[in-house]
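Asks: got a sequence here, can you build the structure:
(one chain, ligands or ions: 2)
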Amino acid sequence: MDRRAFFLQAFRNTGEKVVKLCDAKANQQAAHWIRPPYARDELEFLLACTRCGACMEACPHEVIFPLAVRLGITVAGTPALNLLHKGCHLCDGWPCVAACEPGALRKAAEDAEAGLRPFARVHIDTEACLPHQGPECGACEGSCPVPGALVWDLCRPRIDPLHCVGCALCRAACIVQPSAIKVEALARTADVA
Ligand code: SF4
Ligand code: SF4
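Replies: Ligands and ions are numbered 1, 2, ... in the order given. As a prediction, the model looks like this:
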């Protein structure tokens, strides 16, 4: 290998490593918030999002809010879902996605086949959920728009993680205070070679 080829190869290798490290860091950071449906992977998302706010304006349920400046300049103003207080209604036509001109939220052709990728993890705290402790309750029954995601076993609700996408509408319907249904960001593990 001549000197020029050597440096070119070295540059390519270093560049790849830097991108992988940035990707890993972005994904680790992203475990602290929940992006709107069809958000690209975090690093790609951050590069594409112009912080225009169009997705927030388009959301009829006002579920999307801008991340605060204190979280850092790289993410300040980018959109996240407020699933602690509201649920995402998985709207027909995905207004938030349709409003995103730069394509930071993007329904790709492969998504049409694979369906919506989960954007949050939801689970039931059986210590707090009334039917799991004895009293009857059906407050969240019928709240889930995704077939098979919220199932009832012997009058007790259970989340099926194979179907749940994390919309948190069951949490919004829960009458227990604080809610017996917990929602958290999906921890996206770094995949650095
Ligand atoms: S799918 Fe609907 S409710 Fe959910 S974030 Fe998009 S516009 Fe808002
Ligand atoms: S519409 Fe797209 S580019 Fe604009 S803030 Fe939302 S995600 Fe970012």
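
Asks: could you find the closest non-adjacent residue to the residue nearest the centre of the chain?
Replies: Nearest residue to the geometric centre of the chain (C-alpha atoms, centre = their mean): Phe119, 2.7 Å. Counting by C-beta to C-beta, 6 or more residues apart in numbering, Phe119 lies nearest to Gly166, which is 5.0 Å off, once chain neighbours are set aside. No exception for glycine: its C-beta is placed from N, CA and C like everyone else's.

Asks: you'd agree that neighbour is up against Val183?
Replies: Yes: at 6.7 Å, Gly166 counts as touching Val183 under the criterion of C-beta atoms under 8 Å.

Asks: the helix or strand harbouring Val183 - what's its average pLDDT?
Replies: In the assignment (DSSP states H and E), Val183 maps to strand 181-184. Averaging pLDDT along strand 181-184 yields 94.

Asks: residues in contact with that strand?
Replies: 34, 83-84, 120-125, 129, 140, 166, 168, 170-171, 174 (C-beta atoms under 8 Å, 6 or more residues apart in numbering).

Asks: for Leu21, give me the pLDDT.
Replies: pLDDT, Leu21: 69.

Asks: number of nearby residues for the residue nearest to Phe119?
Replies: For Gly166, the neighbour count with other C-beta atoms under 10 Å is 26.

Asks: surely it forms part of a strand?
Replies: No: assigned with DSSP: H, G, I helix; E, B strand; the rest coil, Gly166 falls outside any strand and is coil.

Asks: how about the helices in this protein?
Replies: With helices called from DSSP state H, the chain shows them at 3-29, 42-48, 54-58, 95-99, 109-114, 130-133, 169-173.

Asks: picking up where we left off before, the strand holding Val183 vs ligand 1: in contact?
Replies: No: using C-beta under 6 Å from any ligand atom, strand 181-184 never reaches ligand 1; the gap is at least 13.6 Å.

Asks: buried sites along that strand?
Replies: Buried residues in strand 181-184, defined by neighbour count with 16 or more other C-beta atoms under 10 Å: 181-183.

Asks: show me the shaky parts of this protein.
Replies: Applying pLDDT under 70 to the chain flags residues 1-14, 18-19, 21-28, 187-193.

Asks: near ligand 1, which residues of it?
Replies: Within reach of ligand 1 by C-beta under 6 Å from any ligand atom, the chain has these residues: 36-37, 58-59, 61, 63-64, 88-91, 94-96.

Asks: quick one on the thing from earlier: what residues are up against the residue nearest to the centre of the chain?
Replies: Phe119 neighbours (C-beta under 8 Å, 6+ apart): 34-37, 39, 81, 88, 165-166, 186.
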